[in-house]
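S.K.: sequence first, then the predicted structure, then my questions.
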Amino acid sequence: MKIFYSEEHRNHYPPYEVFDGGKRVEYFENPDRMDRILSALGKTDWAELTEPEDFGLDPILAVHDKEYINFLASCWTEWLASDPEIAATPERHAFLPATFALRRKTRPTSSLHGRGGYYMMDLSACIVAGTYKAALASANCALSAASSSFTLQNSSFALCRPPGHHAGKDYAGGYCFINNASVAANRLSSKGKVALLDIDYHGGNGTQDIFYERSDVFTISIHGDPDYEYPHYTGFADETGAGAGLGFHRNFPLPKDTGDEGYLAALDDALEMIRKFAPNHLVLSTGMDTFDGDPLGKFHVTREGFAEIGKRIAGLKLPTAIIMEGGYANEALGTNVTTLLENFK
């Protein structure tokens, strides 16, 4: 199996993030996640590590607003230029706005913090010097996986960091800046119908937003119910698309403490929907934070559960671009990933 990976991600390592209640904590979405996965992949006899191709900005701008991407590209240097104290000790800082747009008849302003609050939805999408280049490399990993899976008609894995499924057309959030899976799915949509299945613990709000009014990409997200879980404001069962996309989106919000049995039941329903849609390609947003004991999740999916999840999705027998999203139980992360992936090799 081709594994697309770039070392560029290491330059995106914010010194902290801010939790509910204003608590500053070490950044959960850190390079150690990739090291654990790389170590586990290195113990297999089927993982072929490959540098991603550079696809340029066009496939990204086909999904994301140009002014938003310009903001990501210039934010850090603009911020350094605005404050000598920050410029003197940049490693101690991360750009975060203190005011957020409600998105009701609002627009970005000329000030950096005004644009930050417009283009960022929370306090975990921290921007540092290497964020933009890392996000571009991550998107290129996803695009490379999509291209490989289309050309070879098989499955490939994009080891993306930062992840992407919380990033919408014009906003960052939840550690995500460019929606890697959506960029890949959009590119594949020119070659046939695409299903995008999100199995991350947190609802794929950005992906939902991007494709909500489209019928050529069928999007499904299985996640913690937004009544108790991030991103809180979207991901409900009655959100099924709009306009041309009505009926082409499905959410499966699941209760706290969902284990293997409950998760697999929802997955079976989702897979049956995908079969009826009869896509040419599958994009799989793969979060491992459904794992029992993940510090940012409340599900209890086991390693055996991941094996069965992989087996059932692979049973669709579709060329599949597997895109890495979340998963923060780092000690178990590598083994969990390979347990799922080995079903697709």
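M.R.: All right, it came through fine. As the structure is a prediction and not an experimental result, all values here were calculated from the model.
S.K.: so the closest residue to residue 31 other than its chain neighbours, which state does it fall into?
M.R.: Of all residues not flanking residue 31 in the chain, residue 10 sits nearest, at 5.0 Å (Cβ to Cβ, 6 or more residues apart in numbering). From N, CA and C alone the C-beta is placed, and that goes for glycine too. With DSSP: H, G, I helix; E, B strand; the rest coil as the basis, the three-state label of residue 10 is helix.
S.K.: for residue 238, same thing?
M.R.: Following three-state DSSP, residue 238 is assigned to coil.
S.K.: burial count for it?
M.R.: Neighbour count for residue 238, taken as other Cβ atoms under 10 Å: 5.
S.K.: and the closest residue to residue 164 other than its chain neighbours, how far from residue 196?
M.R.: Counting by Cβ to Cβ, 6+ apart, residue 164 lies nearest to residue 180, which is 3.6 Å off, once chain neighbours are set aside. Going from residue 180 to residue 196 by Cβ to Cβ, to the nearest Å gives 11 Å.
S.K.: show me which of the two is the more surrounded one.
M.R.: Taking other Cβ under 10 Å, residue 180 and residue 196 do not tie; residue 180 has more neighbours (35 against 32).
S.K.: partner strands of the longest strand along the chain, with direction?
M.R.: Longest strand in the chain, counting residues (DSSP state E): strand 217-224. Sheet pairing of strand 217-224 (DSSP bridges) gives strand 194-198 (parallel), strand 249-254 (parallel).
S.K.: quick one: contacts of the last one?
M.R.: Residues outside strand 249-254 that contact it (Cβ atoms under 8 Å, 6 or more residues apart in numbering) are 203, 208, 211-212, 218-227, 235-237, 239-241, 262-263, 266, 269-270, 273, 299.
S.K.: now the strands: where do they sit in this structure?
M.R.: For the chain, the strands defined by DSSP E occupy 2-4, 17-18, 24-25, 48-50, 156-158, 194-198, 217-224, 249-254, 281-286, 320-324.
S.K.: if we can go back for a sec, residues touching the residue nearest to residue 164, list them.
M.R.: For residue 180, the contacting residues are 138-139, 141-142, 158, 160, 163-165, 323, by Cβ under 8 Å, 6+ apart.
S.K.: which of these sit farthest apart?
M.R.: Across the contacts of residue 180, the longest distance by Cβ to Cβ is 14.3 Å; it joins 141 and 165.
S.K.: got a pLDDT number for residue 151?
M.R.: As predicted, residue 151 sits at a pLDDT of 96.
S.K.: burial of it, as a residue count?
M.R.: Residue 151: 10 surrounding residues under other Cβ under 10 Å.
S.K.: what about it, distance to residue 52?
M.R.: In this view, residue 151 and residue 52 are 14 Å apart by Cβ to Cβ.
S.K.: same question for residue 326.
M.R.: 20 Å.
S.K.: one more: residue 231?
M.R.: Using Cβ to Cβ, we find residue 231 at a distance of 28 Å from residue 52.
S.K.: could you count how many residues lie near residue 18?
M.R.: Residues lying near residue 18 (other Cβ under 10 Å) number 15.
S.K.: residue contacts, it?
M.R.: 24-25, 96, 123-124.
S.K.: which among these end up buried?
M.R.: The neighbour-count test (16 or more other Cβ atoms under 10 Å) marks 96, 123-124 as buried among the contacts of residue 18.
S.K.: those residues into a markdown table, with extra columns for pLDDT?
M.R.: Below are those laid out as a markdown table (pLDDT from 0 to 100):
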| residue | pLDDT |
| --- | --- |
| 96 | 95 |
| 123 | 95 |
| 124 | 96 |
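S.K.: nearest to residue 283 among those residues?
M.R.: Closest approach to residue 283 among the buried ones among the contacts of residue 18 (Cβ to Cβ): residue 124, at 23.4 Å.
S.K.: wait, that closest one touches residue 175, no?
M.R.: Yes. Counting by Cβ atoms under 8 Å, residue 124 touches residue 175, with 5.5 Å between them.
S.K.: coming back round to it: among the contacts of residue 18, which two are most distant?
M.R.: 25 and 96 (13.3 Å).
S.K.: returning to what we had before: by how many degrees do the longest strand of the chain and strand 281-286 diverge?
M.R.: Orientation check (axes from the mean of the first three to the mean of the last three Cα atoms, to 10 degrees): strand 217-224 against strand 281-286 gives 20 degrees.
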